[in-house]
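**Student:** have a look at this prediction, sequence included:
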Amino acid sequence: MNKWEDLFNEEEFCKDLSFLLSIPSVMDADSSDINQPFGKEVQRALEFMLRLGEMEGLSTYQHNGYYGYMEFGPEDAEDYIAVLCHVDVVPASGEWTNDPFDPQIKDNRIYARGAIDDKGPTMAAWYALKMLKTAGISMKHRIRLIIGTNEESGMSCMKTYVENEPEALFGFAPDAEFPIIHAEKGQINLQLNCKPYSSGDVRLVSFTSGERGNMVPDSATAIIKGTFSADQIKKIKQMEQSNAKMSASQLDERTFSIQTQGVSAHGMEPFNGENAAFSLASSLLSIDELQFHPYLTFIHSYLKNDFYGENLGIDFADSITGKLTVNAGIFQYTEKHGGKISLNIRCPVETPYKRIIEQLESLASQKGWNITDIRTREPHYVEADHEGIKALQEAYHEVTENDATLLSTGGATYARFLSNGVAYGAVFPGKENTAHQVDEYAELDGLRKAAIIYAEALSRLANL
């Protein structure tokens, strides 16, 4: 039995995790203010975690709702080891089996929004700190558990952290997969814009899909208006009958609402989802009056199922982080204001950013579109022989008896905010990662094992 096993209290762990998961900590601008910038529920989740630390005698700090931390260790230690967690979650869209904020435990799984991204791993990291404190190990460095509040919507929490706090000696984010992710793709986020288009007797009044650029949209809705012949109405009904994930409602004699359902997935792996906007655009193009609509044709020709940017002319790959990926996450069109499409592009470490952006601008110009709101994020990479990585590898092998190979990801974690930061769990090799998906879950055995790995790793890192 591993030396940390006896110190892990599974009953208390499940109780604390269930309470944290019950907090609907989605960013909410309507309830935000100067002391809770991302809304009251995100703030409540942050305060709950800090209260757990205070109850165990750890020193805690909160910075105006942007982040908080709890830490322990030698007071005179100059350096600290960071564990970078977050308690905000993405919206719980789609058809869930149960209320996404009413955690359910079944067959060794706990189901709820945030179970694996990132509340389950956050709680595992917290219990690792508890075990370390109980064990009373000697430490050269302090250990700091950092809790962010805006990871899913821009990471301004960690931007604020690095502006106000000294950098950690080394750190890890339990917000991805085991064994160790030492390279993260960069990002290009941008918005494509087109002018309104009039298509004659049948018009596209609106087209909407998606809530976040880093999620695959799982629903899409279009309103079309015009003078519909009997044949056109028949065609719309046939579209509905031939697609089990489509529904069409006649709102009045001149207006139809058409909806499609897809499957959500994390924007870093768009090929794991079914983008509802792609299906809806293709279906609408089968209506004669809409077959040349520039908004719909662009989606169909350049974005539909083109996960690697080949149709856009921006495909790229390197040996460190693999292929560039493209997720079209937000679609908005109205016949008055025109259309918008938000792209989230995950870029390999060696991506020529300038060339990618120039190609997209050239294509947009050729099609009568334009690009705005370009935001880039540099890739992140830690050398394989760093002593912190060696400590994590040893801890992983100690607990699992498996080698800790080094991986890369298209995801963006807090690790990129540390010069010497990596992602470390909490999804184990061969296990499903349901982050951002309907019926998200975490395996309780996996979270327990992660907590034990984290305790072993931190005991080593604290004495580098």
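**Tutor:** In hand now; what should we look at?
**Student:** for the stretch 101-250 of the chain, which segments count as helices?
**Tutor:** For the stretch 101-250 of the chain, the helices defined by DSSP state H, counting those that start in this stretch cover 119-135, 156-164, 230-242.
**Student:** okay, now the domains of the protein?
**Tutor:** Residue ranges for the domains of the chain, per automatic domain parsing: 5-185+380-461, 188-377.
**Student:** just the ones you listed: most buried one?
**Tutor:** Of all these, domain 5-185+380-461 has the most neighbours on average by mean count of other CB atoms under 10 Å, namely a mean of 20. From N, CA and C alone the C-beta is placed, and that goes for glycine too.
**Student:** just checking, residue 105 touches residue 14?
**Tutor:** Yes - counting by CB atoms under 8 Å, residue 14 is a contact partner of residue 105 at 6.8 Å.
**Student:** give me the common contacts of those two.
**Tutor:** residue 444 (CB atoms under 8 Å, 6 or more residues apart in numbering).
**Student:** and the end-to-end length of stretch 219-235?
**Tutor:** End-to-end distance of stretch 219-235 (CA to CA, to the nearest Å): 22 Å.
**Student:** distance between the ends of stretch 282-289?
**Tutor:** Start-to-end, stretch 282-289 (CA to CA) is 13 Å.
**Student:** for that stretch, the distance to its chain's centre please.
**Tutor:** With CA atoms, centre = their mean, to the nearest Å as the basis, stretch 282-289 stands 33 Å off its chain's centre.
**Student:** need the helices of the stretch 101-250 of the chain in a markdown table (columns: mean pLDDT and distance to residue 358).
**Tutor:** Converted to a markdown table, these look like this (pLDDT from 0 to 100; distance: least, CB to CB, whole Å):
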| stretch | mean pLDDT | distance to residue 358 |
| --- | --- | --- |
| helix 119-135 | 98 | 39 |
| helix 156-164 | 97 | 27 |
| helix 230-242 | 85 | 38 |
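**Student:** how about the ones you listed in JSON lines, adding distance to residue 189?
**Tutor:** Conversion of the helices of the stretch 101-250 of the chain to JSON lines gives the following (distance: least, CB to CB, whole Å):
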{"stretch": "helix 119-135", "distance to residue 189": "25"}
{"stretch": "helix 156-164", "distance to residue 189": "14"}
{"stretch": "helix 230-242", "distance to residue 189": "33"}
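**Student:** which among these is found nearest to residue 53?
**Tutor:** helix 119-135 (7.5 Å; CB to CB).
**Student:** for residue 240, what are its contacts?
**Tutor:** 246, 247, 248, 258.
**Student:** does the third one touch residue 235 like I think?
**Tutor:** No - counting by CB under 8 Å, residue 248 stays clear of residue 235, with 10.3 Å between them.
**Student:** from residue 449, how far off is residue 10?
**Tutor:** The gap separating residue 10 from residue 449 is 12 Å, by CB to CB, to the nearest Å.
**Student:** now residue 383
**Tutor:** 27 Å.
**Student:** go on, residue 347?
**Tutor:** 33 Å.
**Student:** one more: residue 369?
**Tutor:** Residue 369 is 49 Å from residue 449, by CB to CB.
**Student:** how about residue 215?
**Tutor:** Counting by CB to CB - residue 215 and residue 449 are separated by 28 Å.
**Student:** now residue 111
**Tutor:** Noted for residue 111: a distance of 19 Å to residue 449, by CB to CB.
**Student:** equivalent analysis for residue 458, please.
**Tutor:** For residue 458, the distance to residue 449 - CB to CB - is 15 Å.
**Student:** now residue 156
**Tutor:** Using CB to CB, we find residue 156 at a distance of 32 Å from residue 449.
**Student:** contacting residues for residue 188?
**Tutor:** Under the criterion of CB under 8 Å, 6+ apart, the neighbours of residue 188 are 343, 345, 347, 353, 356, 357, 374, 375, 376, 377.
**Student:** in strands only, show me the residues you listed.
**Tutor:** Among the contacts of residue 188, the members found in strands (DSSP state E) are 343, 345, 347, 374, 375, 376, 377.
**Student:** include distance to residue 204 and pLDDT when you put these into JSON lines, please.
**Tutor:** Output for the ones in strands among the contacts of residue 188, formatted as JSON lines (distance: CB to CB, whole Å; pLDDT from 0 to 100):
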{"residue": "343", "distance to residue 204": "21", "pLDDT": "98"}
{"residue": "345", "distance to residue 204": "26", "pLDDT": "97"}
{"residue": "347", "distance to residue 204": "32", "pLDDT": "96"}
{"residue": "374", "distance to residue 204": "27", "pLDDT": "97"}
{"residue": "375", "distance to residue 204": "28", "pLDDT": "95"}
{"residue": "376", "distance to residue 204": "32", "pLDDT": "94"}
{"residue": "377", "distance to residue 204": "33", "pLDDT": "89"}
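**Student:** residue 331: what secondary structure?
**Tutor:** Under the three-state scheme (DSSP: H, G, I helix; E, B strand; the rest coil), residue 331 adopts strand.
**Student:** let me know the pLDDT of it.
**Tutor:** Note on residue 331: pLDDT of 98.
**Student:** quick check: closest non-adjacent residue to it.
**Tutor:** Nearest-residue entry for residue 331: residue 209, 4.2 Å, with adjacent residues in sequence omitted and distances by CB to CB, 6 or more residues apart in numbering.
**Student:** how close does the one you found get to residue 273?
**Tutor:** Counting by CB to CB, the gap from residue 209 to residue 273 is 12 Å.
**Student:** cool, residue 71 as well?
**Tutor:** From residue 71 over to residue 273 (counting by CB to CB), the distance is 38 Å.
**Student:** one more: residue 42?
**Tutor:** Separation of residue 42 from residue 273 (CB to CB): 25 Å.
**Student:** same check, this time on residue 250
**Tutor:** For residue 250, the distance to residue 273 equals 30 Å [CB to CB].
**Student:** for the nearest residue to residue 191 once chain neighbours are set aside, list the residues it contacts.
**Tutor:** Spatial nearest neighbour of residue 191, chain neighbours left out: residue 373 (4.4 Å); criterion: CB to CB, 6+ apart. Applying CB under 8 Å, 6+ apart to residue 373 gives the contacts 189, 190, 191.
**Student:** go on, residue 295?
**Tutor:** Contact analysis of residue 295 by CB under 8 Å, 6+ apart lists 194, 197, 204, 207, 281, 333, 338, 339.
**Student:** who's in contact with the closest residue to residue 128 other than its chain neighbours?
**Tutor:** Computed as CB to CB, 6+ apart, the closest residue to residue 128 that is not its neighbour in sequence is residue 454, at 3.6 Å. Residues counted as contacts of residue 454 (CB under 8 Å, 6+ apart) are 83, 124, 125, 128, 174, 424, 425.
**Student:** nearest to residue 417, out of the residues you listed: which one, please.
**Tutor:** Once CB to CB is applied, the member of the contacts of residue 454 that ends up nearest residue 417 is residue 83, at 12.8 Å.
**Student:** doesn't the closest one fall inside a strand?
**Tutor:** Yes - counting by three-state DSSP, residue 83 is found in a strand.
**Student:** distance of the residue lying closest to residue 380 once chain neighbours are set aside from residue 151?
**Tutor:** With sequence-adjacent residues excluded and distances taken as CB to CB, 6+ apart, residue 380 is closest to residue 416, at 3.7 Å. Distance, residue 416 to residue 151, using CB to CB: 11 Å.
**Student:** ok, residues contacting stretch 77-85?
**Tutor:** 71, 73, 118, 121-122, 125-126, 128-129, 139-148, 158, 168-175, 413-415, 417-418, 421, 454, 458, 461-462, 464.
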